[in-house]
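Undergrad: Got a predicted structure plus its sequence, pasted below:
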Amino acid sequence: MFYLDTYNHRLVISRGDTGVIDLAFSQELEALNAEVVMTLKEKTTDTEPIWEKRVSIVDGVATFEIEASDTDNLSYKTYKWDIRIITESGGTTCVETPFGPADFVVAEVVGSGRAHND
């Protein structure tokens with residue numbers, strides 16, 4: 001299961017599943033060679049993230065791929081995630097957060113999902 005609520009940005013994924021998030025951005029940001037960063041933390045106050053994914057904007061879209069290994073070892077619970085846009089202009093780094101921290105829910109699974117070999 002993979003579901004992203006586009007209103008409140010709550011993301012739900014079954015542990016070990018995969019998913020793709022495509023975020024549309026302006027051509028202006030693409031022209032600035034913006035880097036888009038997806039961060040996952042247990043709590044917003046944590047210093048270190050569980051993981052971060054960094055991508056560029058291509059044809060107006062930043063594509064984040066969530067791999068099975070990104071959630072395989074996480075506990076079933078709610079984490080926090082956000083997206084940040086990083087640009088550099090004239091030696092100055094600018095950071096923009098298009099939406100505040102949102103829930104990232106790792107949902108329970110029953111099966112292992114492993115192939116059965118007899």
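TA: Arrived safely. Residues are numbered from 1 along each chain as shown.
Undergrad: bridging residues for D82?
TA: Beta-bridge partners recorded for D82 (DSSP bridges): T39.
Undergrad: That one touches A102, doesn't it?
TA: Yes. Using CB atoms under 8 Å, D82 makes contact with A102 at a distance of 6.7 Å. For the C-beta atoms, the positions are set from N, CA and C on the backbone; glycine is no exception.
Undergrad: Residue ranges in the chain under the pLDDT threshold?
TA: The chain contains residues with pLDDT under 70 at 112-118.
Undergrad: Partner strands of the strand ranked longest in it, with direction?
TA: Longest strand in the chain by number of residues (criterion: DSSP state E): strand 92-107. Here strand 92-107 has these sheet partners by DSSP bridges: strand 11-14 (parallel), strand 78-89 (antiparallel).
Undergrad: quick one: which of these is nearest A107?
TA: Nearest to A107, of all these, is strand 11-14, at 4.8 Å by CB to CB.
Undergrad: which element follows that closest one toward the C-terminus?
TA: strand 19-24 (DSSP states H and E).
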